[in-house]
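> A predicted structure for the sequence below; I have some questions about it.
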Amino acid sequence: MMFVLDLLRKRRSIRKFQDRPLTPEQIRVLEEAVLRSPSARNLRSWEFIFVDDRDLLVKLADTRGSSSAFIAGAALGVVIIGDEKTVDTWVEDGSIAAIIIQLAAADLGLGSCWAHVRNREHAPGKSAEDHVRELLGIPDPLKVLCVIAVGYPAEQKPGIPKEELSSGKIFRNRYGQV
């Protein structure tokens, strides 16, 4: 019963990865996990591009400069795409899928980190979404939410101690009531 909580206690965003590919089985597990993500009315507004081509990962790393540079070192980048014509909760659906893949990666002993794309800038006059869309041939009306970098961690980060959690952000029954 505590399995998910134990996973959450140790999971951290990893931005440094070993130069080591994932196994086909690890990729299959990540694919299955993300396809099991819940979505509004089970309409599955999400789609995914699994990128393991080194040249493409380096180009994806340039999406937002230093904010996405860590993608270059990852073994895999999972681009989370949504279809706003399917359902208006595509952002929420994609966000759930993004955390599912991060938790699945942690369960496999892998590290991961979210690189935000939606509503961000790539360069003056060009959105990060347009950069990713052009790079990967993503058609309209699909929207790009983020890229999740996945790989073997090359850094160790301890879990956040319980005493450092933001417990003051939890209220009882009414806002501001503890």
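That came through fine.
> Provide the partner residues of residue 78 in its beta bridges.
Residue 78 forms beta bridges with residue 50, residue 148, as assigned by DSSP bridges.
> got the CA positions of the biggest helix by length in the chain in CSV?
Longest helix in the chain, counting residues (DSSP state H): helix 90-107. Output in CSV follows, covering the C-alpha atoms of helix 90-107 (Å, rounded to 0.1, in the frame of the first residue of the first chain):
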residue,chain,number,x,y,z
TRP,A,90,-5.7,18.2,-22.9
VAL,A,91,-3.2,20.1,-20.7
GLU,A,92,-4.4,18.2,-17.6
ASP,A,93,-4.5,14.9,-19.5
GLY,A,94,-0.9,15.5,-20.7
SER,A,95,0.3,16.6,-17.3
ILE,A,96,-1.0,13.4,-15.7
ALA,A,97,0.7,11.4,-18.4
ALA,A,98,3.9,13.3,-17.8
ILE,A,99,4.0,12.4,-14.1
ILE,A,100,3.0,8.8,-14.8
ILE,A,101,6.0,8.4,-17.0
GLN,A,102,8.3,10.0,-14.4
LEU,A,103,7.0,7.7,-11.7
ALA,A,104,7.4,4.7,-14.0
ALA,A,105,11.0,5.8,-14.8
ALA,A,106,11.8,6.1,-11.1
ASP,A,107,10.3,2.6,-10.5
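> buried ones in that helix?
90-98, 100-106 (16 or more other Cβ atoms under 10 Å). Placement of C-beta: from N, CA and C, glycine included.
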